[in-house]
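>>> Provided below are the primary sequence and the corresponding predicted coordinates.
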Amino acid sequence: MKAESLRNRVLPALICAIASLAIFSGCHVNRPDADHAKTQILYSAVLSDPRTFNPILITDATSSSLTSDLFESLIRVNPVTTLPEPGLAEKWDIAPDSKSITFHLRHDVKWFDGQPVTAHDVLFTLDVIYDPKVPNSIRPAITIDHQRIVAEAPDDYTVVMHLPKPFAPLLYSIGIPVMPAHILEPVWKAGDFNHTWGIDTAPEKLIGNGPYQMTHYTQGQLVRYDRNENYWMKDEHGGQLPRLHGQTVTIVPDQNTEYLRYLAGQIDVYGPRTEEVSPLQDKVAKHELEVQVQQIGIDTGSLFFTFNRNPRHYVKNGVTNPKLNWFTDLKFLQAMAHMVDKKSIIDLVFHQLAVPAVADISPENKIFHNPDLKDYEYDPKLAAEMLEAAGYHLVKPDLRTDPKGNRLEFDLTTNTGTPERNEMCTIFKQDIESLGIKVNYRPLEFTTLVDKLDSSFDWDCVLIGFTGGIEPNDGANFYRSSGNLHLWDPNQPTPATPWEAEIDTLLDEGASEMDPNKRAPYYWRIQQILHDQLPIIETVRQQRYASWKNSLENYQPKVWGLYKPEWMEFKAD
């Protein structure tokens, strides 16, 4: 999972629906060539700049999306079947005892600089991930009984991984970007890996092995890619893949502006927000816009409020900030859960194209989603009664205090550039303040917000979205008490609470069960614990839609990702 501003959210009306030509005239953005079939350049957009170009260090979705085409993994997951498929490894063999797996690498894969991709690159990548000096979100997902996977290379194109015990998630968890040892191993050994391939790195120095090479990056403006002419994958006729000759990704911090650019033909693919779905469909029906609009499913991730429980932030010089006592008080958290007005959020923010989120794992995950959880109904009267019973008294109409007489007041934040989240926070703030609790709402630019979440820990309450995966154990960096994305209290040396210790144990036990149907109860129990203990307070999941130009062929968005993206190409109009 990665903390990010993933979801395409929006307010009930476009505030930028005026003078779009005037807006565009002030933007330094290249307009797609009219002859897409000739240029074969795909134009798209992201909401923020990347934080890093180093795939091992990534914790946000923008950095991930902007580097995903640069690097290949041993295995990829088919978004239609949700099953593992060959990547750099053309095949693999699992031992009868399920405690070792042998990957056979392709012999025809090269790095951008022409050097061959070998087993040594895989071993090096694992060494970096397991290095405690390299902070990353991958390590928890491939740590088994507190042990690393031991790997060896009998030859240049064979990798054997030895596991301390059977580990069911391996084929999903091992889909990690393989890094070039001949470039980065000396850097790692010198102790400089964490400062390598930042956003100030010249694109030509990013040596990958994927379908595209980055050729240009201008902060706050755009990223360009050219096709990797030596990419290993071929189509069914032996033709070169990818079929596109390149990509240009513009950085557009405001979703309203991104939508206007899509309408003006400046970008080719777009994830419409709920309020835009009907207008787009109307434009298509009236032949005003030559695009496809397709529903692809319910959001696979999770969008939630969470309160900071990190004592490293709230305990200074032996003095505990009273907020820590509130945010670890289950009665307080239950009252907050009863103040999330999901119906209003669905109706007013998502135009009824959303559903209440109750469990952490999306219903799109058919095996591992827990359907039996009972939602916290919106009930301000009950919330007020619960607070009173717990000693949080309303001493004046707009003033509630804790049992020690401290005024209840906290900061609320989310990332800028996503109007839906702003509207959700506004609704939540108004409802919480009706209880006599003061809420200071301060949205932050996304990279600043992520720095607070994973570095300074200087925050009280945040509305944030996490991606969701097919394999629950891939979220170990979020679920585990020691995980760096265990937001409310990350990187714990030992579990701070019994329920967090239970989740750690359930992850270990669930990963050891090879039968998916027998594994499900472990993850159902984890969702039950999160629901009961409320480290996160679920909100809603929107219906996801995709839209793209009619001239773009083989663009196949699925709820779990793009199907066969290498086959995309523009046809003649």
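Great, that's in hand. Numbering: from 1, shown residues only.
>>> Buried residues in the top helix by length along the chain, which are they?
If you go by DSSP state H, the chain has its longest helix at helix 516-533. Neighbour-count burial for helix 516-533, counted by 16 or more other C-beta atoms under 10 Å, picks out Arg519, Ala520, Tyr522, Tyr523, Trp524, Arg525, Ile526, Gln527, Ile529, Leu530, His531, Gln533. Every residue, glycine included, has its C-beta placed from N, CA and C.
>>> ok, residues contacting stretch 148-162?
Here stretch 148-162 makes contact (C-beta atoms under 8 Å, 6 or more residues apart in numbering) with 74, 89, 99-107, 116, 118-120, 122-123, 126, 130, 142, 163, 170, 174.
>>> out of these, which are inside strands?
Counted as lying in strands by DSSP state E, out of the contacts of stretch 148-162, are Ala89, Ser100, Ile101, Thr102, Phe103, His104, Leu105.
>>> State the number of residues packed around the first one.
Neighbour count of Ala89, defined by other C-beta atoms under 10 Å: 25.
>>> Please name the residues that touch Ala45.
Per C-beta under 8 Å, 6+ apart, neighbours of Ala45: Val249, Thr250, Ile251, Val252, Glu258, Arg261, Ile267, Tyr270.
>>> Give me the subset of those residues lying in strands.
Counted as lying in strands by DSSP E, out of the contacts of Ala45, are Val249, Thr250, Ile251, Tyr270.
>>> Most neighbours out of these, which is it?
Neighbour counts for the ones in strands among the contacts of Ala45 (other C-beta under 10 Å) peak at Tyr270, which has 24 neighbours.
>>> shouldn't it be in contact with Leu263?
No. At 9.1 Å, Tyr270 and Leu263 do not qualify as touching, with contact defined as C-beta atoms under 8 Å.
>>> At which residues are the strands of the stretch 251-400 of the chain located?
When secondary structure is read from DSSP state E, counting those that start in this stretch, the stretch 251-400 of the chain shows strands at 269-270, 291-298, 302-307, 315-316, 319-320, 354-356, 393-396, 399-401.
>>> which helices and strands sit right next to the first one?
What it means is strand 269-270. Packing partners of strand 269-270 (3 or more C-beta pairs under 8 Å, 6 or more residues apart in numbering; DSSP states H and E): strand 41-46, helix 255-263, strand 540-549.
>>> Pull the distance from it to the chain's centre.
Remark: strand 269-270 is offset 18 Å from the chain centroid, using C-alpha atoms, centre = their mean, to the nearest Å.
>>> Which neighbours in the sheet does it have, and how are they oriented?
strand 540-549 (antiparallel) (DSSP bridges).
>>> what's the model's confidence in the helix or strand just after the partner strand, averaged?
Next along the chain after strand 540-549, taking DSSP states H and E as the criterion, comes strand 552-553. The predicted model assigns strand 552-553 a mean pLDDT of 97.
>>> how far out from the middle of the chain is whichever helix or strand comes after strand 552-553?
Moving toward the C-terminus from strand 552-553, the next helix or strand (DSSP H and E) is strand 557-558. Offset of strand 557-558 from its chain centre (C-alpha atoms, centre = their mean): 16 Å.
>>> helices or strands up against strand 557-558?
Packing partners of strand 557-558 (3+ C-beta pairs under 8 Å, 6+ apart): strand 291-298.
>>> what sits up against the strand it packs on?
With C-beta under 8 Å, 6+ apart, strand 291-298 has contacts from 272, 277, 280-281, 283-284, 355, 362-364, 541-550, 557-559.
>>> got the buried residues for that strand?
Neighbour counts over strand 291-298 (16+ other C-beta under 10 Å) mark Val291, Val293, Ile296, Gly297, Ile298 as buried.
>>> can you give me the helices in the stretch 401-550 of the chain?
For the stretch 401-550 of the chain, the helices defined by DSSP state H, counting those that start in this stretch occupy 419-433, 446-451, 476-479, 498-512, 516-533.
>>> of all these, which lies closest to His486?
Closest to His486 of the helices of the stretch 401-550 of the chain is helix 476-479 (C-beta to C-beta; 6.1 Å).
>>> pLDDT (mean, whole number) over the closest one?
Helix 476-479 comes out at a mean pLDDT of 94.
>>> now do stretch 175-183
pLDDT averaged over stretch 175-183 gives 97.
>>> Export only the CA atoms of it, formatted as PDB.
What follows is stretch 175-183, C-alpha atoms only, in PDB (Å, rounded to 0.1, in the frame of the first residue of the first chain):
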ATOM      1  CA  GLY A 175       6.500  -8.300  -7.800                       C
ATOM      2  CA  ILE A 176       9.100  -5.700  -6.800                       C
ATOM      3  CA  PRO A 177      11.100  -3.500  -9.200                       C
ATOM      4  CA  VAL A 178      14.500  -5.100 -10.000                       C
ATOM      5  CA  MET A 179      17.300  -2.600  -9.700                       C
ATOM      6  CA  PRO A 180      20.600  -2.500 -11.700                       C
ATOM      7  CA  ALA A 181      23.400  -3.800  -9.500                       C
ATOM      8  CA  HIS A 182      26.100  -2.500 -11.900                       C
ATOM      9  CA  ILE A 183      24.900   1.000 -11.300                       C
END
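>>> Check the offset of that stretch from the chain's centre.
The mean C-alpha position of stretch 175-183 is separated from the chain mean by 21 Å, C-alpha atoms, centre = their mean.
>>> Next: stretch 113-126.
Distance, stretch centre to chain centre, for stretch 113-126: 27 Å (C-alpha atoms, centre = their mean).
>>> now for the ones in strands among the contacts of stretch 148-162, which pair is the farthest apart?
The most widely separated members of those, counting by C-beta to C-beta, are Ser100 and Leu105 (16.4 Å).
>>> Closest one of the contacts of Ala45 to Ala384?
Set against Ala384, the nearest of the contacts of Ala45 by C-beta to C-beta is Glu258 (40.4 Å).
>>> Which residue, other than its chain neighbours, is closest to that closest one?
Leaving aside its chain neighbours, Glu258 sits nearest to Val252 (4.4 Å; criterion: C-beta to C-beta, 6 or more residues apart in numbering).
>>> One more: Lys429?
Nearest to Lys429 is Val439, by C-beta to C-beta, 6+ apart, at 4.4 Å.
>>> And Gln556, by the same measure?
Using C-beta to C-beta, 6+ apart, the nearest residue to Gln556 is Tyr563, at 4.0 Å.
>>> quick one, what contacts the one you found?
Neighbouring residues of Tyr563 by C-beta under 8 Å, 6+ apart: Asn78, Pro79, Val80, Gln556, Pro557.
>>> Asn473 now?
Applying C-beta under 8 Å, 6+ apart, the residues contacting Asn473 are Ala141, Ala168, Pro169, Tyr172, Ser173, Leu507, Gly510, Ala511.
>>> From Pro565, how far out is Gln556?
Using C-beta to C-beta, to the nearest Å, we find Gln556 at a distance of 8 Å from Pro565.
>>> now swap in Ile537 and tell me
Distance, Ile537 to Pro565, by C-beta to C-beta: 35 Å.
>>> what do you get for Gly271?
In this structure, Gly271 lies at 15 Å from Pro565, with C-beta to C-beta as the measure.
>>> quick one: which two of the contacts of Asn473 are the most distant?
Farthest-apart pair in the contacts of Asn473 is Tyr172 and Leu507; separation 14.0 Å (C-beta to C-beta).
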